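Asks: build me a structure from this.
(2 chains)
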Number of protein chains: 2
Amino acid sequence: MGAGKHTMRAEAQIRPLIEAWAKAVRAQDIDGIMANHARDILLFDVPPPVQLRGADAYRKSWHRFFEWFQGSGVFGIGELKVNAGDDVAFCHGLIRCGGTETNGQKVELTVRLTVGLRRIDGQWMVMHEHHSEPSQDPTRS
Amino acid sequence: MGAGKHTMRAEAQIRPLIEAWAKAVRAQDIDGIMANHARDILLFDVPPPVQLRGADAYRKSWHRFFEWFQGSGVFGIGELKVNAGDDVAFCHGLIRCGGTETNGQKVELTVRLTVGLRRIDGQWMVMHEHHSEPSQDPTRS
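Replies: Numbering: from 1, shown residues only, chains lettered A, B, ... in the order given. Okay, here's the model as predicted:
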């Protein structure tokens, strides 16, 4: 495998892109969140439905998230690992995020994050995100 | 972007790899399941824990799955989309899988699948898998 010069440069571009995305979430800056996202992004989100397709649906998912987030400021990515080629990349990490449940209880969760990217006209764009928690169904855990 | 010859060839290699993996799951063929997986694979699985690292932990996750699967033969991948560069690729799809809950009820589930791959010594290897269901916590859905 070996991390060549191109790969190291790509990883050095993608890591700040992901960190800027998380910073925009903390600031509830929806245009910042969307800054590097493809129009036909496919999202597997934490709550239902199974999938959401397209930038408009992606944008709406964040408005719903903000209702839970309530400006807690807690949305940080740990264990971020970037795998980048010349034009395709994926990365994964764990998001620590804080919000308030509908019963008023403040909670912090760990969410698994996988992101798929393509370099389009020289710019890395997010094509796919997968956010999840482990299933809590006791009959399957 | 544009799908060049290299990209099309890579996608034509990865799609059968994923289909062969699903076929090995249906056959409960653990060596077949592991055939193209890196030793340090990172798995985000449906049940807890948050993550599992390494081929041994990955292997054990399938033994647990087979207890639920009970040879139903239902493990098929739909909507598979492959994004491949020369040496890095990711893909996503929806798995329809059937099993039996601990209360004896037979069920079929849709699981979201994201896979990250690297081409190592000419062979595509799975570095990362993310399997999940949407969260069913009614306070967050």
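Asks: what number of residues lie near residue A:36?
Replies: 16 (other CB atoms under 10 Å in any protein chain shown). For the C-beta atoms, the positions are set from N, CA and C on the backbone; glycine is no exception.
Asks: so, low pLDDT: which residues of chain A?
Replies: A:1-3, A:137-141 (pLDDT under 70).
Asks: and the helices in it?
Replies: A:5-26, A:30-33, A:55-69 (DSSP state H).
Asks: adding mean neighbour count and distance to chain B, write those out as CSV.
Replies: Below are the helices of chain A laid out as CSV (neighbours: other CB atoms under 10 Å in any protein chain shown; distance: least, CB to the nearest CB, whole Å):
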stretch, mean neighbour count, distance to chain B
helix A:5-26, 16, 8
helix A:30-33, 15, 19
helix A:55-69, 15, 6
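Asks: list the residues that contact the nearest residue to residue A:13 once chain neighbours are set aside.
Replies: Ranked by CB to CB, 6 or more residues apart in numbering or on different chains and with sequence neighbours excluded, the top spatial neighbour of residue A:13 is residue A:124, at 5.8 Å. Residue A:124 makes contacts with A:10, A:13, A:14, A:17, A:36, A:89, A:117, A:118, as judged by CB atoms under 8 Å, 6 or more residues apart in numbering or on different chains.
Asks: which two of the residues you listed have the greatest separation?
Replies: A:10 and A:36 (13.6 Å; CB to CB).
Asks: do a quick rundown of the strands in chain A.
Replies: A:37-44, A:52-53, A:75-84, A:88-100, A:106-120, A:123-132 (DSSP state E).
Asks: can you redo those as TSV, where the extra columns are distance to residue B:103?
Replies: Putting these into TSV (distance: least, CB to CB, whole Å) gives the following:
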stretch	distance to residue B:103
strand A:37-44	27
strand A:52-53	32
strand A:75-84	35
strand A:88-100	32
strand A:106-120	27
strand A:123-132	24
